[in-house]
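**Student:** Model the following, please.
(chains A, B and C)
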Amino acid sequence: MTATPPTSPSKIDSSCRLPLFALFGGAAVWLVLSSLFGLAASMTFHKPSMFADCAMFSYGRAYPAWSHLLVYGFAIPSGLGVGLWLLARLGRVELAKPFLIAVGAKLWHLGVLVGLVAISAGQTSGYEWFELPRYAAVILFLAFVLMAIWAFVTYSRRPEKSLYPSQWFVLASLFWFPWILSTAVLLLQFFPVRGVVQVAVAWWFAGNLLNVWLTLSGLAVTFYLLPKLTERPLQSHYLALFVFWTVLIFGSWTGIPMHSPLPAWMSTLSSAATVMMIVPALAIVTIVIKTCCGANKPCGGGPLCYSKFGAWCLVLATFVAAIAACPAVARVTDFTWFTHGHTTLRLYGFFAMTMFGAIYYILPRISGVAICPRRIKGHFWLAMLGALLLALPMIGAGIKQGLKLADANVPFLDTAKAAMMGFRMGTLGELLIAIGSLIFLANILLSIVTYYRAMAKTAYADAIAIQLTGVKP
Amino acid sequence: MKSSSIVFLAAFIALSASWGGFVLAPQLQLGRADQTKTVPAEEKYPLARPGLAQQGAEVYRSLGCVYCHSQQVGQNGVKVEVVLLDAGTNADNTISALAKVNAQLGKPENFIGLPKKLTEVADIGAADSIVKAVTESGGKIEVNVIPTGADISRGWGKRRTVAQDFIYDSVVQPGTRRAGPDLANVGSRLADANWQLRHLYAPQAEIKGSTMPAYRFLFEKRKVGKVTSADALKLTGEFAPPAGFEIVPTDDARALVAYLLSLHAEAPLFESPVTPPPAPAASTNTTIVAVRAEIKNYTASELLSVEGTAK
Amino acid sequence: MNADPKQSCSVASEAEPTATMTPMPVWILGLMFTLLFLGAWYFDLYGGWFEAKVYAPYSSVADVQRFQPKKGGIADTLARGRKLYADNCAVCHMETGVGNPANGCPPLVDSEWVKSPSPTRMIMLISKGLAGPITVNGKVWNSGVMLAVGDSLPGDEKEKAEKIAAIATYVRFQFGKIEVETKPAQALTIRESIKDRTANFTEADLLKVEP
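**Tutor:** Okay, the predicted model is just below:
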């Protein structure tokens, strides 16, 4: 490959503009919609007859709509967009074929929409974290591959040959998702496997998506923003390498809960792998502390706050999962709201916050429009409180519920009621997250709209100038 | 790492290892499972669901029931009980024979108030000498394998669910949440189709304080004709429809209830041993009978005398 | 890029981050190997070593084997016999064994044929069927023909003999109150002696045989 001279950051940023506007804009819209469905889902527990006449918002359809929009609508596009920008910037090269990537982004959002309509109509696939029917899944697969191909081309054209840790994580994530998605689509929807093998494949997919892909994508951001914003080098290359290998090797074996209709060896291996994830978690703690400490940079509710909070939530979520994987604990926490609390801690606390920080860092650079720091700070506090209020009470409620479930003398209804207090706080947390998402959407739309207005103004001004003076300014 | 090929190698190794472990290996081990025989009666298990129940499985999936209900029973341990049924014609002979094998058990007080649980042993083999002593003296004794665990104590099943229970399901949904009770054996536990229909329409009518959402959209509210329909739900109190109206289940509701009534997972298997309960005298086909009993077909004379409510 | 008055964000520190080459702390490697060891130990205890038939709480196939019901014994045979009777015989003789006067199918309950000391006649009857009338408890029953149900059972000779023995055990137990198991070996010997016969038996044929 002929070595192109390193491109200036501003040129790289402008090459990313079109695809990232498409990815981030759509992601923000889906995030707001997902909050809507999430709130509808929790309202069912406070007032069971609320959606008795409306199938679309009944819990069994609102909940998969929430998880579909959150993961496929928000998480993957924003992770992908941020990853593209990181590859371009760290390789010192412009993004290859931005228009095609933007087409891929729009195709992806179309797939998400199709999936949403299908789920609301009841054509859900029945697998958690993979609810979309096969026609939507095929669209998503094609869209992702389209974007990933040009990401690899961008990477291969880079003049900066040495790799920074974030690039490993992004490349691995680009490789990971098509493989796990195609396995799930083929073995669950086109050529369904028999019996509980479906469950094994579905849980393998969900584990890889939530515990590996999100981690890879989020850590790419963390390892970039923390040193960048504290203006200190990342401590260290070898620790990041260690995190990379351990997340890949141990994380890919998580996903199968202790209670499953699968033979004992599968749950045992999965539990062991979940406990092993403590190792990369501690390595991340070491990296974060060593990189940030002594930096004396107040984060002021900006991207640095988001990244730090996200990293700590990842570590906490990993420890929570590891403790819950121990059989004595799993006997209590399996089948309760604990798993929901842990998953939302990972999704909202770690991934969403990290992505918000990254997007608030990247967006002003690609659009040239500054986002008011007060709004970023407001969003930070809402999202942080919301994530904590959603995840932690649910974890507590799950433990209470589980302790009662384990005692056969406690009537079942009491176990459901034991969780209600935590549930109420969880709904409050969801409300805060919803408001925060609205602010996020407003920020992004404002940036995009302001950019295009500025472009239109300049183009108009240029046109007038040419008319008046005959000379292009 | 300076080279991307190592990155891809790492990703490839890690992903193919876990793919081999959790996708390929289960397929090789369990993917070609077929009907097996129960132990010891050697009946075929599982039996495919009847058509209406199969449609009901689709309704279950489309409504997202899996997000609140699980369909898997857990098990923490297993115990083996030796139960004395009959002392035989010469009780003293039996008592002394038993005393020779186990002095603790061969006492007259153990033979009062039969059938009576004699003792618990570690496994079937450990009960051999006791069983031999009693049977050869003419008594009757049985050894019961009883799985234990919280789910089983709650009456949600007699044994844990295993792969064999799901081989004919098109989408297997064991579930990971219990906002509602486990449904693996609901066909044995709550076999009344009418109850299930009323519970779907208004859960709070059947279970006070239930947090289950109502599924009124699965039912049709319509004006009563000359006679109320045979399958109209019998609701009372605040849940009853206004006068002159009746609540009738749609096809989806019927199918869903047929599916729920077809959920059984208690047949004893090699991998999940349990002593089966004594077989009922009559045919066990309560599933279809129960549902059909409520879906009555009108006779010709009834059709002729009723305005437009025939189904 | 065009000058945009709103561009106030600083692009000052646009140098990309670097990573130091400090070696990894050793304690983390130590922790990893300790956890790997504990994980392997846990798998050894609870993993069932990749066996497809081992589910928690059992730890190995041998462990599951310990809780399998004893094969054989009359309860086993009765269970199978009940099922075979329901599938093959109940249609005519009824599930309760009372027979069907409309079809001329004789009752089995308290029938002297069922209660005869040895199961020989029963095994012959089940194997080859009956043509013509038969007297049961003083009453004559004539259904025309009882089909050779035993001969038409699926399976090879050994399996047929097992099934016929199970049916005989069940019928004698349930309707004749005789709690003695008919062994498959008995059935096999008897069937061997009548194997060349193609026609149904008649009452006269059966009465020639030792009860």
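
**Student:** you'd agree B:Glu220 is in a strand?
**Tutor:** Yes - under DSSP: H, G, I helix; E, B strand; the rest coil, B:Glu220 sits within a strand.

**Student:** Ignoring the adjacent residues along the chain, who's closest to it?
**Tutor:** B:Val248 (5.0 Å; Cβ to Cβ, 6 or more residues apart in numbering or on different chains). Glycine gets a C-beta too; all of them are placed from N, C-alpha and C.

**Student:** Okay, and that neighbour sits in which element?
**Tutor:** Assessed by DSSP states H and E, B:Val248 sits inside strand B:245-249.

**Student:** List the buried residues for that strand?
**Tutor:** B:246-249 (16 or more other Cβ atoms under 10 Å in any protein chain shown).

**Student:** mind listing what that strand pairs with, with the direction of each?
**Tutor:** Neighbouring strands of strand B:245-249 in its sheet, by DSSP bridges, are strand B:219-223 (antiparallel).

**Student:** For the strand it pairs with, could you pull out the residues that count as buried?
**Tutor:** B:Phe219.

**Student:** ditto for stretch C:53-64
**Tutor:** C:53-59, C:64.

**Student:** Return only those of those residues found close to chain A.
**Tutor:** Intersecting the buried residues of stretch C:53-64 with the surroundings of chain A, defined as Cβ under 8 Å from any Cβ of the partner chain, gives C:53-56, C:58-59.

**Student:** Identify the residue with the minimum pLDDT among those residues.
**Tutor:** Among those, C:Ala56 carries the weakest pLDDT, at 86.

**Student:** So in chain C, where's the weakest helix or strand by average pLDDT?
**Tutor:** Least confident element among the helices and strands of chain C, by mean pLDDT, DSSP states H and E: helix C:74-88 (a mean of 80).

**Student:** ok, the spatially most central residue of chain B to chain C distance?
**Tutor:** Nearest residue to the geometric centre of chain B (Cα atoms, centre = their mean): B:Asn185, 1.7 Å. Distance of B:Asn185 to chain C, computed by Cβ to the nearest Cβ, to the nearest Å: 17 Å.

**Student:** how about the residue of the stretch 301-450 of chain A found nearest chain B, what does it touch?
**Tutor:** For the stretch 301-450 of chain A, the residue closest to chain B is A:Ala408, as judged by Cβ to the nearest Cβ, at 3.3 Å. Contact partners of A:Ala408, counting by Cβ atoms under 8 Å, 6 or more residues apart in numbering or on different chains, are B:150, B:153-154.

**Student:** Tell me where the chain has strands.
**Tutor:** Assuming you mean chain A. Applying DSSP state E to chain A gives no strands.

**Student:** Please refer instead to chain C.
**Tutor:** Using DSSP E, strands in chain C cover C:130-131, C:134-136, C:139-141, C:145-146.

**Student:** can you list these in a markdown table and add distance to C:Leu206 and mean neighbour count?
**Tutor:** As requested, those are exported to a markdown table (distance: least, Cβ to Cβ, whole Å; neighbours: other Cβ atoms under 10 Å in any protein chain shown):
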| stretch | distance to C:Leu206 | mean neighbour count |
| --- | --- | --- |
| strand C:130-131 | 8 | 21 |
| strand C:134-136 | 8 | 18 |
| strand C:139-141 | 14 | 14 |
| strand C:145-146 | 12 | 16 |
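
**Student:** Tabulate the ones you listed in CSV, adding columns for mean pLDDT and distance to B:Ile124.
**Tutor:** Putting the strands of chain C into CSV (pLDDT from 0 to 100; distance: least, Cβ to Cβ, whole Å) gives the following:
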stretch, mean pLDDT, distance to B:Ile124
strand C:130-131, 87, 42
strand C:134-136, 87, 42
strand C:139-141, 87, 45
strand C:145-146, 86, 40
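
**Student:** Let me have these in JSON lines, extended by distance to A:Ala383.
**Tutor:** Output for these, formatted as JSON lines (distance: least, Cβ to Cβ, whole Å):
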{"stretch": "strand C:130-131", "distance to A:Ala383": "85"}
{"stretch": "strand C:134-136", "distance to A:Ala383": "86"}
{"stretch": "strand C:139-141", "distance to A:Ala383": "86"}
{"stretch": "strand C:145-146", "distance to A:Ala383": "81"}
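
**Student:** where does chain C have low pLDDT?
**Tutor:** When residues are selected by pLDDT under 70, those of chain C lie in C:1-14, C:71-73, C:75.

**Student:** Name the surrounding residues that touch the least confident helix or strand of chain C.
**Tutor:** Outside helix C:74-88, the residues within contact range by Cβ under 8 Å, 6+ apart are B:40-43, B:142, B:279, B:283, C:69-70, C:95, C:149, C:153, C:163, C:165-171, C:173-174, C:179, C:181-182.

**Student:** Which members of those residues occur in helices, if any?
**Tutor:** Among the contacts of helix C:74-88, the members falling in helices (DSSP state H) are C:163, C:165-171, C:173-174.

**Student:** which one of these is nearest A:Val138?
**Tutor:** Nearest to A:Val138 among those: C:Lys163, at 51.7 Å, using Cβ to Cβ.

**Student:** thinking the closest one is in contact with C:Gly155, fair?
**Tutor:** Yes - in this structure, C:Lys163 is within contact of C:Gly155 by Cβ atoms under 8 Å, at 7.0 Å.

**Student:** Of the two, which one has the most company?
**Tutor:** Per other Cβ atoms under 10 Å in any protein chain shown, whichever of C:Lys163 and C:Gly155 has more neighbours is C:Lys163, with 23 against 10.

**Student:** so who does that one touch?
**Tutor:** C:Lys163 sits next to C:80, C:84, C:150, C:153, C:155 when contact means Cβ under 8 Å, 6+ apart.

**Student:** Least confident secondary structure element in chain A?
**Tutor:** helix A:412-418 (a mean of 89).

**Student:** What are the contacting residues of that helix?
**Tutor:** Here helix A:412-418 makes contact (Cβ under 8 Å, 6+ apart) with A:397, A:400-401, A:404-405, B:154, B:178-181, B:207, B:209-211.
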